[in-house]
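Participant: Below are the sequence and a predicted model; questions follow.
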Amino acid sequence: MIAGLEEPDAGDILIAGRLVFSFQQGIFVPPAQRGLGMVFQSYALWPHMTVFQNVAFGLELARWSAPKIRDRTGKVLTDLQLAGLDDRYPQEMSGGQQQRVALARMLAPGPGIFLLDEPLSNLDARLRMDMRSELKRLHRETGATVVYVTHDQVEALTMSTHVAVIKEGRLEQLADPDVVYRRPASLFVADFVGNPKANLLPATVRREGPGGVMDFGTFTVALPAAPPQAPQGKVIVGIRPERIGLSTQPAAGATEFKVYSALPAGSEIIVHAQRDSTMLTVRETRSLRLEIDSPVWLSFDPATFNLYDPATSRLIEDTL
Amino acid sequence: MAVIAPARSAPIQWQLRRLWRAVTTPRSLITIVLGLLLVYLVVVPLVRIAWATLTWQPEDARLARGFEEGAFTLFHWRRTFLGPISRELVYEPFINTLVTASGTTLLALLIGCPLAWLLTRTDIPGRRLLKSLVTIPYILPSWVIALAWLGVFKNARVGGAMGFFQYLTGVVPPNWLAYGPIPIIISLGLHYYAFAYLLMSGALASVDRYLEESGEILGAGRWQILRRITLPLVLPAMLSAFILTFSRALGTFGTPIFLGRPVRYYTLATSLYGNLRQGFAADAFILALGLIALSAITIYANQRLIGVRKSFVTIAGRGLNIYPTPLRRWKYLLFALVVAFVVVCVLAPLLFLVWQSLMLEENDYSLRNLSIYFWITYFWITTGGNRLYAEGEVGLLRNFLVVGAAKNSVVLAALTAAFVGIIGLFLGYAIVKGRGTWASRVLEQLAFLPYLIPSIAFGAAYIAMFASPFGPIPALYGTFALLVLVSAAKNLPFSSRAGVSSMLQVGQELEEAAVVAGASWLTRFRRVIIPLTMSGFFSGFLLTFISAIRELSLIVLLVTPATSVLPSVLFRYAEQGFTQFADGIVVILVALSLAGQWLISRVKGAELGKGLQ
């Protein structure tokens, strides 16, 4: 819809203050006049054209002169380390190279807005890491606005200045990546963003005197003193795996769990801990050897909890 | 804050602007134009043929009272179904059609299915060569076998001269062996088995070896695997092959007219032809409608019965990964059987026809009688004038009638293929880009419609439509343009399918990338879509070419001496009893078809099976 490849059923679209689409007024600015470039998920490189022809196509259509096309294409290809591959056909290149050709084709006419539709999803894990940092540099160097669509939440958090989380066409949250991670606005965002996933548990908050207690059914967590408007009653609690303390020894205020599984991954270890019907994911950066079914003690910091209204599944803004 | 007005009350010019944009997108324009074209080429003829049966026709003036040209009447329907001649006119041909079509289908499957299994999933020797040999009948006209059969088994009593069988044994072949249902079923079966074979081998080739190997690991024997895994997987395809063969056999015209007419054994298709030739157009049209209904019902049944189940053949679709079943001690016996089949049923009829075309005296099969022995291929190059032979007809290669027809045939096939290929390209574009909209679905269904209509009935519909001027279009009957039009319309289902599949390969994003780059619709089509669909277009072109060049039943009702093509000239010679000439034309047609087939095999990605279903 931003590119103009599809028409919305309602509403207006403004790019840099300019009305490019309005359902009501019947305004529709064609894609090419919106000043944007696009990289498709499949790269959509034309298989019957060479690298040079692919990159030069847009310039040709914009009626650039032949020498200018040659200069510009040469420069873009050199910038993206594709010099000398002009006469190759896309299918003769590696996935990473194709990706860079797609970028070159987008960059050539010098658009002010880049639309990247899952540009890295077809690359293997290592190439993806390299390309992420290249894209980030590109973003800085060109100063363009980048709209980056991805299903990979790590990519979303690492690449962006703003993250918009969209579920079934509805905007769930629009915020800094940091805020999206720390204070997800809805259960969907909390569940979707973060790897390993956040723990989402139903609980009941009971106020007893100045403090209170959070009852998870199979265990409870004591709450500090709170202002009177603090939430009460049934809630759903989101707890990040790295915000749970883990100890192999009994400790004050800690609850005993059993190790269901432990998945060490070099720099960290992901532990699934079980207490009756409750299962928690814990991320621990110390290296530990944990046997399956051995006891562990988990401790919680209520200040890091996010509470959600079970009825609306939205974040409860008031803290504990 | 500005209040946003609801869309309903938007100013009229805004609404018009919106509507105008929706209608003037290239896709909408193409869809509208193609929609109108398809309605004109497919729907209108059907309406016209139905209407003709319900109105008084000029030829009815002497038949009935109350005649009033052009007025509504049920006269024809009553006459056809309830009149004194309806037994001969409808009921007998109807039974005969069912008998020959089901017999043909059974025989075709009995040959085609085992052949498909042997050649795709076993270690039988010589698979590559055998595979291409057994598909030869598919590219030949369906009545080639019938002509060969006639040459071998005809008897002097009905056929005018004795056939090879009588020459060899001295025994006069009885009529039931020479003419009528049995030879029709055998001849058609020996043609349509290739169709069943192609459908089945496609299905069998897509059964993944892992599906079979999983069974093997669980301890199933070879036979159990075939029976419990492979067969159930291809059962839907088999059912489909049955129904599709049946629907094709229903409307076939050449074979029943060559083998049935001498003993007055008529099917719906040949009865239709006879009625039209005798001037009973409305009766013929009713038969055509009956044929259409019959064929539409079977194909509809196919889609209802198989619809969902069909899918599981394609699920495992990676295919190619076939582990040939070892035949062990049966290997060479089965190999010998297949080779014998190919020699006797595929190659021998062709060679026999070549031989017949070279014979001087019609019923002398000795080597001495080959005209090559005297003047080298008498009937090919004679300058005519010798009234002893074929009433002094000029030899094939010198005969302006034949040479003209050959030119016409090539031009007709090429024009049809080009026309249909281009329409198919646009159809594919409109259907694929509009996926999910009702316009796309309607277009797809309209393009599929001719598939339901047997060729001869389609030809009849075109007579109904073009015998007189219609709107701004003049009466096209007797023109070459009409032949191109009818051949193109009949081939629409294949071309739209081919167009859709090659358009699907292009992929949405390749075109969108060009949109973002600023390419206008025309530029996109010229620089991106056409180059990418070229190979599909070319293979589709050749497939249509070889199917159009041999087509008899579609055009037999529409040709006139001025527009005759090879199959129609052949048909005329066969009717006159000029065997050598007829057979010579078969040889030319076979050569043209094989050349087309050879070209197809040179085009990357083109396959015979693609033209199917």
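Facilitator: Nice, I can see it.
Participant: For the one residue in the stretch 51-200 of chain B that gets nearest to chain A, list the residues it contacts.
Facilitator: In the stretch 51-200 of chain B, the residue that lies nearest chain A is B:Arg128 (28.3 Å; C-beta to the nearest C-beta). Any C-beta I mention is one placed from the backbone N, CA and C, and that applies to glycine too. Applying C-beta atoms under 8 Å, 6 or more residues apart in numbering or on different chains to B:Arg128 gives no contacts.
Participant: rerun that using 10 Å as the cut-off
Facilitator: By C-beta atoms under 10 Å, 6 or more residues apart in numbering or on different chains, B:Arg128 lies in contact with B:Leu119.
Participant: One more: B:Leu347?
Facilitator: B:Leu347 neighbours (C-beta under 10 Å, 6+ apart): B:Leu133, B:Ile136.
Participant: With A:Asp276 instead?
Facilitator: A:Gly217, A:Thr218, A:Phe219, A:Phe257, A:Lys258.
Participant: how does it look with 7 Å?
Facilitator: A:Thr218 (C-beta atoms under 7 Å, 6 or more residues apart in numbering or on different chains).
Participant: Same check on A:Phe57?
Facilitator: Taking C-beta under 7 Å, 6+ apart, one finds A:Met49, B:Ala517 in contact with A:Phe57.
Participant: how far is the helix or strand harbouring it from where the chain is centred?
Facilitator: Element membership for A:Phe57, per DSSP states H and E: helix A:51-61. Centre-to-centre, helix A:51-61 and its host chain are 32 Å apart (C-alpha atoms, centre = their mean, to the nearest Å).
Participant: For B:Ser502, which residues are in contact?
Facilitator: By C-beta under 7 Å, 6+ apart, the contact set of B:Ser502 is B:Gly428, B:Thr533, B:Gly536.
Participant: Same check on A:Met38?
Facilitator: A:Met38 touches A:Ala3, A:Met106, A:Leu115, B:Val516, counting by C-beta under 7 Å, 6+ apart.
Participant: got a pLDDT number for it?
Facilitator: At A:Met38, the model reports a pLDDT of 88.
Participant: Look up the residues forming beta bridges with it.
Facilitator: Beta-bridge partners recorded for A:Met38 (DSSP bridges): A:Leu115.
Participant: so how far is B:Glu512 from it?
Facilitator: According to C-beta to C-beta, to the nearest Å, A:Met38 and B:Glu512 sit 8 Å apart.
Participant: Helix or strand: which one has the residue of the stretch 51-200 of chain B closest to chain A?
Facilitator: Counting by DSSP H and E, B:Arg128 is found in helix B:127-134.
Participant: so how far is that helix off the chain centroid?
Facilitator: 22 Å.
Participant: which residues are in contact with the helix or strand following it?
Facilitator: Later in the chain than helix B:127-134, the nearest helix or strand by DSSP H and E is helix B:136-139. With C-beta under 7 Å, 6+ apart as the test, helix B:136-139 has contacts from B:Leu190, B:His191, B:Ala194, B:Phe195, B:Leu198, B:Val346, B:Ile546, B:Ser593, B:Gln597, B:Leu608.
Participant: count of residues packed around the second one?
Facilitator: Burial of B:His191, expressed as a neighbour count using other C-beta atoms under 10 Å in any protein chain shown, amounts to 26.
Participant: What does it show for phi and psi?
Facilitator: phi -90, psi -50 (degrees, to the nearest 10).
Participant: And the pLDDT at residue 9?
Facilitator: Went with chain A since none was named. Note on A:Asp9: pLDDT of 81.
Participant: Can you look at chain B instead?
Facilitator: pLDDT, B:Ser9: 55.
Participant: Same question for the one 4 residues further on.
Facilitator: The score at B:Gln13 is 78. That number is its pLDDT.
Participant: Report the secondary structure element holding it.
Facilitator: helix B:12-24.
Participant: quick check, A:Glu172 in a strand?
Facilitator: Yes: counting by DSSP: H, G, I helix; E, B strand; the rest coil, A:Glu172 is part of a strand.
Participant: how close does it get to chain B?
Facilitator: Distance, A:Glu172 to chain B, using C-beta to the nearest C-beta, to the nearest Å: 23 Å.
Participant: quick one: the helices in the stretch 101-250 of chain A?
Facilitator: Ranges of helices in the stretch 101-250 of chain A, per DSSP state H, counting those that start in this stretch, are A:125-142, A:153-159, A:177-182, A:187-192.
Participant: Now do the first one: everything it contacts.
Facilitator: This means helix A:125-142. Contacts of helix A:125-142 (C-beta under 7 Å, 6+ apart): A:Gly95, A:Gly96, A:Gln99, A:Leu120, A:Leu123, A:Val146, A:Glu155, A:Thr158, A:Met159.
Participant: so which two of the contacts of A:Met38 are the farthest from each other?
Facilitator: Distance extremes for those: the farthest pair is A:Ala3 and A:Met106 at 11.3 Å, using C-beta to C-beta.
Participant: okay, those two: which has more neighbours?
Facilitator: The neighbour comparison of A:Ala3 against A:Met106 (other C-beta under 10 Å) goes to A:Met106, with 26 against 19.
Participant: On the strand side of things, show who the closest residue to B:Leu54 other than its chain neighbours bridges to.
Facilitator: In space, and not counting its chain neighbours, B:Leu54 is closest to B:Phe72: 5.9 Å by C-beta to C-beta, 6 or more residues apart in numbering or on different chains. Under the criterion DSSP bridges, B:Phe72 forms beta bridges with B:Thr55.
Participant: What number of residues are in the vicinity of B:Phe72?
Facilitator: 10.
Participant: Could you do the one 3 residues further on as well?
Facilitator: Applying the criterion other C-beta under 10 Å, we find 21 residues in the vicinity of B:Phe75.
Participant: where does the stretch 151-300 of chain A come near chain B, residue by residue?
Facilitator: Taking C-beta under 7 Å from any C-beta of the partner chain, no part of the stretch 151-300 of chain A reaches chain B.
Participant: where does the stretch 151-300 of chain A have low pLDDT?
Facilitator: A:228 (pLDDT under 70).
Participant: Taking it, what residue is nearest to chain B?
Facilitator: For the stretch 151-300 of chain A, C-beta to the nearest C-beta, closest residue to chain B: A:Gly169, 16.4 Å.
Participant: The closest residue to B:Glu59 other than its chain neighbours: what secondary structure?
Facilitator: Ranked by C-beta to C-beta, 6+ apart and with sequence neighbours excluded, the top spatial neighbour of B:Glu59 is B:Gly279, at 5.2 Å. State at B:Gly279, reduced to three classes by three-state DSSP: coil.
Participant: quick one: contacts of stretch B:506-520?
Facilitator: Under C-beta under 7 Å, 6+ apart, the answer for stretch B:506-520 is A:3, A:5, A:31-32, A:37-38, A:40, A:42, A:44, A:46, A:57-58, A:61-62, B:524, B:527-529, B:532-533.
Participant: Off-centre distance for that stretch?
Facilitator: For stretch B:506-520, the distance to the chain centre is 37 Å (C-alpha atoms, centre = their mean).
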